[in-house]
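> From the sequence below, what's the structure:
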Amino acid sequence: MMQMQWKILQPDPHSVKDISQHLNCSPITASILANRCISTPAEAEAFIQPALNSLPEPMELSGMQAAVERIGTAILQHEKVLVFGDYDADGVTATAVLAAFLESAGADVQAHIPHRIEEGYGLQLKHINQLAVPSNVALIITVDNGSGSHDAVAAAHRFGIDVIITDHHEIGTVPDAVAVINPKLPNQPGSLRGLAGVGVAFYLAIALRSDLRKKGWWKNRREPNLMALCDLVAIGTIADLVPMTGVNRILTKAGLKQMNNAPNPGIQALCTCSNIGRGQISSEAVAFRLAPRINAAGRISHAMAAFNLLTASSAQTADRLATTLNQLNQRRQAVESDIYNQITAQIERRSDLLARNTLLLGDPRWHQGVLGIVASRLASRYHRPVMLVSTKDGLGKGSGRSVEGIDLFAAISHCADLLVGFGGHRMAAGLTVMPDNIRKLQARFEAAVTNQLAGGIEQPCLVIDSEIHFGQITARLMNELETLEPFGTDNPPPLFAASDVQVSSAAIVGKHHRRMTLRQPAGNGRPIEAIQFNLSPETPRMDSFERLAFRLQWNHYKGDKRIQMVVEGF
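Below is the predicted model:
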């Protein structure tokens, strides 16, 4: 495992002072804001209090007007509409958002999410022939997929079925659909470019509601409350690791507030299964507790179970489905750990694998549904792009994850002639390959990544926001840090460093975690609880730390809350 470099950020002191005075916050909090490229008090205030009324207009996205007009016609003429989604948390929430809105608008709507293994990703020819045509569908709306569905769109057209594509993945040749809404298309507003699939679907709902209002559609029916759908938008946005800035931050903050104040039955049931207390749903809780359970449905079974949970109208139904998702997540964890342990053992036996800039491995025994998570864990551990391929049934299906500085989608694009198909973005991608081509793919993938590097993989870096002492860790600071939520890509949880830390007590909990009580004698001597997650076997038992890197969080237990450090490095 690579040794981490430490980099302690040094923000502009004038910006820190101005922000601190304007917000009446500690210099520590002001420094964190400055580290996020927020340089003025006005920018800081907008960041702390993101406003829904500052969202860009939906019509700024090309294709939106045509989509709204066609869907409006379908609603007014009672045509059958199919919302076609994806099996990850972003796709499931996007499907739920659009289907729920259309249903509340009186549309004749059905939703379909493909089975990950049996159907694969995206709208395909078979879905036109076997699903849309027999069901007399007049309009298909894709969410979080469809940018590469040229053949399916053409087939739909032959049967007189219109297609609207809403997606956020990288797009090349634009399918010949009625409308294509994708913020990755050329000449789209930069403020909307980072939207998740659920964000694009939500923007379509905003535009539709406004258009139907102009047509008087809501005079005799209740106008949908879009704020009530922000909880689903927040879950999908957090889960898909898109930048947690700008529009995404505004929508996610509103969604977290909605979840904590009035969660829908499905989210409430999932929180109960995940041991998340009422009003304690944070971006971290979504990322590490809710989203994995939603994703588990599509990875191990069928994502429609997650869709049905998120759209459940009764607590009884929601409780049953949440229990199912919890059990699927436990199975997912076991399968994932087995594959991860297989691969790390293989790497221990074959040190030559780490002489490469990439890891591309295949095995017919691997469960296709968990390969993305395993690839993510391996990319983090070995700090290089990882692509894992399951070669069951004569066809290799792979999922990959990258590291900062390497565009995985671009690297895979250089291998296009060896692939049956592929898709994704900078940090994550999927592909289909004939098993006979895997060896060639290994060499081509390695060359493509190496060309991006021009000098080898950089050593991973632990970026520290501020060096502090224990005496500065107070309830007031914790409350200020909460205002920086939601955390995610481009707005990570603040990371701190402290020197000369002593371990007063330590114990292993849950097999792989270490709970500690820490003191800093040079400070006020007040002890602070700490937890160190996911210890690797080589992690030593420490009596003291010359320097410690950590995050801060509230530890909620039996109605009480205490400050807790989460150790990230030493």
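> what's the neighbour count on G236?
The local packing of G236 (other C-beta atoms under 10 Å) involves 34 other residues. Bear in mind the C-beta positions are built from the backbone N, C-alpha and C, glycine included.
> what helix or strand does it sit in?
helix 230-239 (DSSP states H and E).
> and what of Q65?
Judged by DSSP H and E, Q65 forms part of helix 64-76.
> so where's the stretch 451-570 of the chain uncertain?
455-458, 523-525, 537-538 (pLDDT under 70).
> that older thread, outside of the helix holding G236 itself, list whatever touches it.
88-94, 96-97, 100, 196-199, 202, 244, 248, 251-259, 263-264, 267, 283, 286-287, 290-291, 294-295, 310, 486, 488 (C-beta atoms under 8 Å, 6 or more residues apart in numbering).
> still on that earlier bit, may I have the helix holding Q65 exported as CSV, CA atoms only?
The C-alpha trace of helix 64-76 is given here as CSV (Å, rounded to 0.1, in the frame of the first residue of the first chain):
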residue,chain,number,x,y,z
MET,A,64,-35.9,20.8,-22.6
GLN,A,65,-38.5,22.7,-24.6
ALA,A,66,-39.1,19.9,-27.0
ALA,A,67,-39.3,17.4,-24.2
VAL,A,68,-41.8,19.4,-22.3
GLU,A,69,-44.0,19.9,-25.3
ARG,A,70,-44.0,16.1,-26.2
ILE,A,71,-44.6,15.0,-22.6
GLY,A,72,-47.4,17.6,-22.2
THR,A,73,-49.1,16.2,-25.3
ALA,A,74,-48.8,12.7,-23.8
ILE,A,75,-50.4,13.8,-20.6
LEU,A,76,-53.3,15.7,-22.2
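> show me the contacts for Q49.
So Q49 contacts nothing (C-beta under 8 Å, 6+ apart).
> What separation is there between it and K253?
9 Å (C-beta to C-beta, to the nearest Å).
> next one: A155
In terms of C-beta to C-beta, A155 sits 41 Å off from K253.
> hmm, which of the contacts of helix 230-239 are the buried ones?
88-94, 96-97, 100, 196-199, 202, 244, 248, 251-256, 258-259, 263-264, 267, 283, 286-287, 290-291, 294-295, 310, 486, 488 (16 or more other C-beta atoms under 10 Å).
> For the helix or strand just after the helix holding Q65, which helices and strands make contact with it?
Per DSSP H and E, the first helix or strand lying C-terminal to helix 64-76 is strand 80-84. Counting contacts by 3 or more C-beta pairs under 8 Å, 6 or more residues apart in numbering; DSSP states H and E, strand 80-84 is packed against helix 64-76, helix 89-104, strand 108-112, strand 139-143.
> ok, 10 Å please
helix 64-76, helix 89-104, strand 108-112, strand 139-143, strand 162-166 (3 or more C-beta pairs under 10 Å, 6 or more residues apart in numbering; DSSP states H and E).
> Give me the mean pLDDT for the last one.
The average of the pLDDT scores along strand 162-166 is 98.
> all strands for the stretch 351-500 of the chain, in order.
Taking DSSP state E, counting those that start in this stretch to define them, one finds strands in the stretch 351-500 of the chain at 359-363, 386-390, 396-401, 421-424, 428-433, 461-464, 466-467, 496-509.
> any idea how far the closest residue to M227 other than its chain neighbours lies from E79?
For M227, ignoring the flanking residues on the chain, the nearest one in space by C-beta to C-beta, 6 or more residues apart in numbering is Q258 at 6.3 Å. To E79, Q258 is 31 Å away according to C-beta to C-beta.
> Equivalent analysis for D560, please.
55 Å.
> Comparing those two, which shows the higher neighbour count?
E79 (18 against 8).
> Pop the domain breakdown of this protein in here.
5-10+462-569, 58-245, 350-453 (automatic domain parsing).
> Show me where the stretch 251-400 of the chain has its helices.
Applying DSSP state H, counting those that start in this stretch to the stretch 251-400 of the chain gives helices spanning 265-273, 283-285, 291-300, 304-310, 315-349, 371-382.
> Tell me which of those helices approaches I113 most closely.
helix 304-310 (5.5 Å; C-beta to C-beta).
> on contacts alone, who are the packing partners of that closest one?
By 3+ C-beta pairs under 10 Å, 6+ apart, helix 304-310 packs against helix 89-104, strand 108-112, helix 230-239, helix 265-273, helix 291-300, helix 315-349.
> from the middle of its chain, how far away would that helix be?
Distance of helix 304-310 from the chain centroid (C-alpha atoms, centre = their mean, to the nearest Å) equals 18 Å.
> likewise stretch 368-383?
15 Å.
> Any idea how many residues pack against the nearest residue to P493 once chain neighbours are set aside?
What sits nearest to P493 in space, not counting adjacent residues and going by C-beta to C-beta, 6+ apart, is F487, at 4.5 Å. By the criterion of other C-beta under 10 Å, F487 has 20 neighbours.
> Show the contacting residues for F487.
For F487, the contact set (C-beta atoms under 10 Å, 6 or more residues apart in numbering) comprises 238, 244, 249, 252, 282-284, 287, 481, 493-494, 551.
> Columns distance to R515 on top of the residues you listed, output as a markdown table?
Below are the contacts of F487 laid out as a markdown table (distance: C-beta to C-beta, whole Å):
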| residue | distance to R515 |
| --- | --- |
| I238 | 27 |
| M244 | 29 |
| R249 | 33 |
| T252 | 30 |
| S282 | 20 |
| S283 | 23 |
| E284 | 18 |
| A287 | 22 |
| L481 | 22 |
| P493 | 19 |
| P494 | 22 |
| R551 | 15 |
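> Can you tell me which of those is nearest V386?
Nearest to V386 among the contacts of F487, with distances taken as C-beta to C-beta, is A287, at 20.1 Å.
> How many neighbouring residues does the closest residue to the closest one other than its chain neighbours have?
In this structure, A287 finds its nearest non-sequential neighbour in I238, 5.3 Å apart by C-beta to C-beta, 6+ apart. For I238, the neighbour count with other C-beta under 10 Å is 32.
> Tell me how far I238 lies from G194.
In terms of C-beta to C-beta, I238 sits 13 Å off from G194.
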